[in-house]
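Trainee: below is the sequence, then the predicted model.
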Amino acid sequence: MTAVAPLRRIVIVGGGTAGWMSAAALAKLLGPPYELRLVESDEIGIIGVGEATIPHIRAFNEALGIDEDEFLRATQGSFKLGIEFVDWGARGERYIHGFGKVGRELGAVPFHHYWLRLRREGRAGELGDYSINTAAPRECKFLRPRPDMAESPLADIGYAYHFDASLYARFLRHHAEQRGVQRIEGRIEQVLRHADDGRIKGLRLASGELVEGDFFIDCSGMRALLIEQTLKAGYEDWSHWLPCDRALAVPSAAAPPLLPYTRSTAHAAGWQWRIPLQHRVGNGHVFSSRFIGEDEARSTLLAQLDGAPLAEPRLVKFLTGRRKEFWKLNCVAVGLASGFMEPLESTSIHLIQSAVTRLIQFFPHAGLEAVEIAEYNRQTQFEYERIRDFIILHYKASAREDSEFWRYCRHMQVPETLRHKIELFRANGRLFREGTELFTEMSWLQVMVGQGLLPAGYHPFVDQRPLAEVQAMVDDTRSVIQRCVAVMPGHAEFIAAHCAAT
Ligand code: FAD
């Protein structure tokens, strides 16, 4: 790999969530002699969807020194305790994938094995009864975790946010500009490369201005202006496993109660999201154009809104998959430029966060090291693939056969890594988080059980304890959670007291 002078001039291409998250994070860490510039085009705009998150984003905001209440006020944000899946396992069924713990610590054997024993004998409730993150949303309650109550489920509430994507980008922009990021408005018309090794040299804007840099972060969204259009990094297509390739998105009027969770409702050829914000609800129908037409997808979406639509539904096309190289030469792709996965588990903004975190770990200081670039790409690929598997699980582990789409999903081959995970769970309920994969055993458990996948057996040590003792422990877990939920305030009430937008 070419040894170049220290990389000081960093140019971020794009001012969507990816661009401004990258800018804000780097600006926090880098001062002179580094120079951070961000080029974006108001004329092109941002994708403007991407409003549901997972709990990790709290660490990102905290690292930037962002005050949570201020952030929620500025973005019309609400709290999210999990995702409710409606009609996914079978029509008429619903479950919540809650953040945080299920059950409690019972020694070497995970709680769910005890639950499985009782469940088999008809002596236990739904899995969701044993997690505060599923019990509280059912009653529309919310409370920030109480670490001072160490033994209580209230200490362990996991939560994330819903927010207005455009307002979040604006909020981060303000933050980044205050820390010295220079924003350049303009449409990039040409990308210039070094003649010797093909590295990117600069960007020619429509105005004629030349923006030169040493290192480029491609946050240009699905256009992938640098990583693909210029550097031809290549794309691995996953649409045979995840056949949805379109979304119609529409905001609707706020419809109380303000739910502290995202809802995902399965339809005949895809699913519909519902994201409650303070001032409106975000909705969208993710569907597969192989199985349903756009008109039908639009009418399905509009028929399921709780409030009046506030705009015409907007169509977004996508191809699920990942960039073959996320980092190539002196360019790293972050956000939609790096790949696309449907927002079923709200993972894209997290992938931005982890790309930025990884980039910081691997930040080049004296030239570009092939071994570091390869490792960055390997880690990112692993992360992408494990999330992909988790999303495929929702389609594969469904009993639905009521449409061509669902029949396709039920009978398709899945990646070997996922097949193995399902088989392992199906046998005796065993689940293992592999390395740094994003989703924990708790997440896999909730989705597998929620989709109707129950193991044949459970851990043999469970039978070492008398049934009455197991029953008492499991029942006690549920009643403690019920008592905790009873003292939690309503979600809307909590927001009104702490972070209502003005
Ligand atoms: P964009 O927002 O598209 O930004 C691209 C930027 O590049 C813009 O500023 C544009 O102006 C600039 N640009 C492009 N070309 C040029 C040029 N030639 N010159 C100058 N500037 C240029 N993620 C979640 O985590 N949760 C969700 O609930 C969720 N829902 C989603 C729903 C849908 C239907 C889709 C499609 C995605 C969803 N995502 C979600 C993903 C999320 O929207 C994105 O990860 C996030 O918005 C980041 O987008 P981005 O910044 O990469 O791209």
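Mentor: The structure has been received and is ready for your questions.

Trainee: report the central residue of the chain.
Mentor: With distances taken as Cα atoms, centre = their mean, T347 lies nearest the centre of the chain, 1.7 Å away.

Trainee: which residues touch the residue nearest to that one when sequence neighbours are not counted?
Mentor: Of all residues not flanking T347 in the chain, I387 sits nearest, at 5.1 Å (Cβ to Cβ, 6 or more residues apart in numbering). Glycine gets a C-beta too; all of them are placed from N, C-alpha and C. With contacts defined as Cβ atoms under 8 Å, 6 or more residues apart in numbering, I387 is in contact with 341, 345, 347, 351, 437-439.

Trainee: quick revisit: what's the pLDDT at the residue nearest to the centre of the chain?
Mentor: Looking at T347, its pLDDT is 97.

Trainee: with the one 3 residues further on instead?
Mentor: The confidence metric pLDDT takes the value 98 at H350.

Trainee: tell me what the helix or strand that contains it is packed against?
Mentor: Using DSSP states H and E, H350 maps to helix 348-361. If contacts are counted by 3 or more Cβ pairs under 8 Å, 6 or more residues apart in numbering; DSSP states H and E, helix 348-361 sits against helix 17-29, helix 57-63, helix 370-396.

Trainee: of the ones you listed, flag the one that's most buried.
Mentor: helix 17-29 (a mean of 25; mean count of other Cβ atoms under 10 Å).

Trainee: pLDDT on that one, on average?
Mentor: 97.

Trainee: cool, and stretch 389-399?
Mentor: In this model, stretch 389-399 has a mean pLDDT of 98.

Trainee: do the same with stretch 494-502
Mentor: Averaging pLDDT along stretch 494-502 yields 96.

Trainee: which residues touch it?
Mentor: For stretch 494-502, the external contacting residues (Cβ under 8 Å, 6+ apart) are 68-70, 72-74, 76-79, 142-143, 258, 278-279, 489.

Trainee: before we move on, back to that, with distance to the ligand added, can I get the helices and strands packed on helix 348-361 in CSV?
Mentor: Converted to CSV, those look like this (distance: least, Cβ to the nearest ligand atom, whole Å):
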stretch, distance to the ligand
helix 17-29, 3
helix 57-63, 9
helix 370-396, 11
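
Trainee: could you dump those helices into CSV with distance to N133 added?
Mentor: Below are these laid out as CSV (distance: least, Cβ to Cβ, whole Å):
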stretch, distance to N133
helix 17-29, 25
helix 57-63, 14
helix 370-396, 17
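
Trainee: what about those helices, which gets the closest to T134?
Mentor: Closest approach to T134 among the helices and strands packed on helix 348-361 (Cβ to Cβ): helix 370-396, 16.6 Å.

Trainee: ok, and for the next helix or strand after that closest one, which residues are buried?
Mentor: Toward the C-terminus, helix 370-396 is succeeded by helix 404-411 as the next helix or strand (DSSP H and E). Buried residues in helix 404-411, counted by 16 or more other Cβ atoms under 10 Å: 405-406, 408-409.

Trainee: looking at those residues, which one is closest to A59?
Mentor: Distance to A59 across the buried residues of helix 404-411 (Cβ to Cβ) is lowest for C409, with 33.7 Å.

Trainee: my read is R183 is in a strand, agree?
Mentor: Yes - checked against DSSP: H, G, I helix; E, B strand; the rest coil, R183 lies within a strand.

Trainee: I'd say it and L38 touch.
Mentor: Yes - using Cβ atoms under 8 Å, R183 is in contact with L38, at 5.3 Å.

Trainee: what does the stretch 51-200 of the chain have sitting close to the ligand?
Mentor: Applying Cβ under 6 Å from any ligand atom, we find that the stretch 51-200 of the chain lies next to the ligand at 51-53, 165, 187-188.

Trainee: among the contacts of I387, find me the one that's closest to the ligand.
Mentor: The ligand has its nearest neighbour among the contacts of I387 in T347, at 6.0 Å by Cβ to the nearest ligand atom.
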